[in-house]
Structure formats: C-alpha cells, structure tokens
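In: Below is the sequence, then the predicted model.
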Amino acid sequence: MKKYVPEPFRIKMVEPLKTTTREERIEALKEAHYNMFNLRGDMVYIDLLTDSGTNAMSDKQWGGVMVGDEAYAGGKSYFKLVDAGKDIFNYAYIQPVHQGRAAEKVFFPTIIKKGQVAISNMFFDTTRAHVTLAGGKPIDCVCQEAKKPSVYAPFKGNMDVEKLEQLILEYGKENVGMILMTVTNNSAGGQAVSIQNIREVAAIAKKYGILFNIDAARFAENAYFVKIREEEFKNSSIKEIVREMFSYADSFTMSAKKDAIVNMGGLIGIRENAELYQAIKGNCISFEGFVTYGGLSGRDLEALAIGLYEGIDDEYLRYRNASMEYLASKLLDAGVAIQNPAGGHGVYVDANAMFPHIPYYEFPGHTLCVELYKEAGIRTCDIGSFMLGNDPETGEQIKSEFEFARLAIPRRVYTQSHMDVIADALINIKARASEVSGYRITWEPPILRHFQAHLEPVQ
Ligand SMILES: Cc1ncc(COP(=O)(O)O)c(C=O)c1O
C-alpha cells in the first residue's frame, strides 16, 4: 500500500455530516429515480459526485472575498485576476466567465463553423455538447493505452497523433474547426497528457492551420504529472511546466472550479490573437456580462486570482497526488480494478471488471454508483455508456469505451479516514458483485441526459 502524505494544511472550519441507515438510503434512491444528481446533498455522507466547485477555499481566499471589488466595470479584482492569469499562463488576454461551459459557449461559436468537426483527446460532456451547439461534430481521438484500464501507462490521456492526422486528411483541413486537448483527460480517467504529446499535436495543428485549444480544467494536476513522469521536466517548477504546456496552444477554455480551487469561475485565455479576443469580448457581454466581471462577482474574481497560485503549489500537489495513489493502491491490493494509474482528481473504478455480467446498455458504471451509495452513503457518478447517451443520428445507445464509477475527490475536503471508508465500501461490494443487477432508463431528456434521466433496476 502507498503511503499517505499528510495534509499540508489544518482545519479551521468544519461542516458536520449526517449519517444515514441503509433503509433510508434505499428510500432516497427510489425518490431520486436512481439518479445520483437527484439525491439531496444532506443524504450523502461522502460526496464524490464531482471535484468541480466542491473544493475548500483557504483562509487567504476567504480573506479575498471580503475585499473583492464589486464595481461593474474596471474593478481591482478583475485586474488582479488578469495579472495572475497572464503571469501563470503567459498569455496576452485573459477573460473571466462564470464557469467552464460558459467559456465553451462564448468561445466555440467564434471558431467552429457549421458542419465542421472538432477533434479532441477526449471531450468532456459539456464540451462535447457545446461543439454540437456551435454546429460542429465532436470526435474523440485518445491513445490506445487509455483503453486498457488494468495496464499501467504514464500518459494515458494523450492524443493518438497518427489517428489525428488521418482524421484531418479524411475530413479535409478546412472542415476541422478546432483541435482540443483536455488536460488532464477527464473522460479517460483524469489521465495525464505529456508535453511531448502536446508538442506533436501542436505541430500538426500548425501544419494544417487549425486552431489548437486546451481544455485547462485540471492544468495544475497535469503539470504535476509532467514533473514526476517526464524526465525532461523533473527539475522544473510547476509554473515553468504550465507555461511550457500552454506555449504550444493558441487558446484555452477553463473551468476554474477544479484546479483554481474555487466554488465558481471560469477563464478563456488567448495567447496573442487580438482579433479573436475582440470576438470573445462581444460574446461575453451578450452571454455572461461585461468584460471585467464575466458573470462573476468581484469576490469570486478575487478568490480565483488567489486560488490560481494555490493550485500550482508544489507541496499541495504532492499531497493531492499521494492521496489519490493511497486510495488507488488500497483498491488494487484488494483486487478492485481501476483505470491504472489513479487520475489527477480521482480514482476511476472499472465497473466492467466488477460486473462482467452487466451489459453496457444496463450501465455497469451507474450500477456501481448506486451500490456505493447503498453501501456507505458515498455519491459518485458514471463515466460510461449512461453518460454518453444516444447517437444523435440513429437514436441508438452508444457503447462507451469505458464503464467507470468515478470517485472524484474534492480538493482539501476529505481526510485519510474518509479514503479508508471509500476503499472498504468498494471491497465489500466486490465480495457480492455477482448478485448485483443493472439499470434501465424510464425517462430521459434529449441532451446531457445523465444529469436528469430517471432509471429503475432491471430485475
Ligand atoms: C474537462 C472539463 N471541461 C469542462 C468542464 C465544464 O466545466 P463547468 O462544470 O465549470 O461548466 C468540466 C467540468 O467538469 C471538465 O471536467
């Protein structure tokens, strides 16, 4: 078992948690139509639904909240945030927005033309949806190693560079609106992307004159992986690695609710193209609010400016990564299969390995989420066929490459004993896995269905 690295912080404020009985949880699941997003938060003991916006802010960030400048235009907190963004990413233009999907909504229509495709190492679900809403078609192009959960590889988040070039030739470069690199690769298991791979993808984007955008939600965790796994960067600081990563792209869209350790916020970055920045400002004013607040309060801008620096702190990232590895190693030692290695923001449990008797259309990943909640009040979410939904052209259920239950770990929130509770729950489920059956959908909305769909157990 891997060693737990002690938290580089102490607890100043606590939030009491309610414990529930198994019977209460079974009742809560029925009321929620077996959808994790419909559960009441106070019925959850350990909430691993997402690491997005669920992080604990520091005393400095809360201090910043008190001095946030609420001016409609030109507030001090805006300039503090823009300075932090320029300093960390080395980009000329930084535009705040209220969250990641807002960045996508503001930015993608300025780039993707109707009928074009966008190619990514893997799109996150809202990112995929915003490519479609902009009139484009999203295509995933992750490397082959990602598709073998049990086999360790250091950079399972990488783009399949050969396939990327084939796709560009197949569709024609004029029909490819954007190449997008998600760091870390959330949908493949929070897996790392190497700088070597970013360089190769950037070279292809340049060769064919296609815009290269980074989905930067977990940029700091990716930089940490580069530091510990890519020889060339072992002596570089996290900030140097971040600057190097972003130097190859033209732009980034970012949900700041992850690595910038805030509860709300997003950013768009443009490396140098002033015209593009102008187009973004127009959309931002229409959809989010004036350029100098971008849908956020001054206090949010202030907390975000501080959080950007806290998120790239070496010691914090070492602890964060070690807590994932501790949980992952407990599971692997007990024979619970995961996407190996652990991701930067969570451990992805391989539900296909846990429930080989449940077919993809009965949602093994989602089934494991339900079992975890029943077992110990732990809320997680499916990253698999349930999340992927139906093919927009045929209406058929898409078969996902993976069926994961994602244990997304909020930042600076849970302790080592919470990790032990999570591991024990999964080990107990594994012992009775053959008795568990899957789920079917009884109602679903047309888009992003996993947030709202109703399900029932398959008997
Ligand atoms: C990789 C990635 N991109 C984009 C988003 C969307 O961000 P938000 O939830 O802030 O809208 C997320 C959210 O989880 C994400 O993980």
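Out: Everything's here; your move.
In: For the rest of this, base every contact and every neighbour count on C-alpha atoms.
Out: Will do.
In: what's the distance between the residue nearest to K148 when sequence neighbours are not counted and the ligand?
Out: By the measure of Cα to Cα, 6 or more residues apart in numbering, the closest residue to K148 outside its immediate chain neighbours is Q339, 7.8 Å from it. Shown here: Q339 relative to the ligand, a distance of 17 Å by Cα to the nearest ligand atom, to the nearest Å.
In: What of A56?
Out: For A56, the distance to the ligand - Cα to the nearest ligand atom - is 16 Å.
In: Same check on E272?
Out: Relative to the ligand, and taking Cα to the nearest ligand atom, E272 is found at 22 Å.
In: Excluding chain neighbours, what is closest to that residue?
Out: Nearest non-adjacent residue to E272, counting by Cα to Cα, 6+ apart: A92, 5.4 Å away.
In: Is the one you found in contact with Y277, as I believe?
Out: No: using Cα atoms under 8 Å, A92 is not in contact with Y277; the gap is 9.4 Å.
In: neighbours around E15, how many?
Out: Around E15 there are 6 other residues, counting by other Cα atoms under 10 Å.
In: Is it in a helix, a strand, or coil?
Out: Secondary structure assignment for E15 (DSSP: H, G, I helix; E, B strand; the rest coil): coil.
In: and what of the one 4 residues further on?
Out: Secondary structure assignment for T19 (three-state DSSP): coil.
In: how many other residues sit next to it?
Out: The number of residues packed near T19 is 15, by other Cα under 10 Å.
In: neighbours of the spatially closest residue to it that is not a sequence neighbour, just the number please.
Out: Leaving aside its chain neighbours, T19 sits nearest to Y45 (6.1 Å; criterion: Cα to Cα, 6+ apart). Neighbouring residues of Y45 were enumerated by other Cα under 10 Å; the total is 18.
In: For Y45, give me its contacts.
Out: Remark: with contacts taken as Cα atoms under 8 Å, 6 or more residues apart in numbering, Y45 is in contact with 17-20, 376-379.
In: same question, Q339
Out: Applying Cα under 8 Å, 6+ apart, one finds that Q339 lies in contact with 148-151, 189, 347-350.
In: If any of the residues you listed are buried, give me the ChimeraX selection for them.
Out: Command for ChimeraX that selects the buried part of the contacts of Q339, burial taken from 16 or more other Cα atoms under 10 Å:
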select :149,150,189,347,348,349,350
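In: wait, which of the contacts of Q339 is closest to the ligand?
Out: Of all these, the one sitting nearest the ligand is G189; the distance, using Cα to the nearest ligand atom, is 10.5 Å.
In: Against T182, how distant is the residue nearest to T19?
Out: The span separating Y45 from T182 equals 30 Å under the rule Cα to Cα, to the nearest Å.
In: In space, what's closest to K156 - neighbours in sequence excluded?
Out: Skipping the residues right next to it in sequence, K156 comes nearest to A146 by Cα to Cα, 6+ apart, at 4.7 Å.
In: The one you found and M159 touch, don't they?
Out: No: proximity of A146 to M159 does not meet the contact threshold set by Cα under 8 Å, at 9.8 Å.
In: Compare the two and say which is more crowded by neighbours.
Out: Neighbours per residue (other Cα under 10 Å) separate A146 from M159, with M159 holding more: 29 against 24.
In: wouldn't that one be in contact with I139 here?
Out: No: taking Cα under 8 Å as the contact criterion, M159 and I139 are not neighbours in contact, 11.5 Å apart.
In: Many thanks, I have nothing further to ask.
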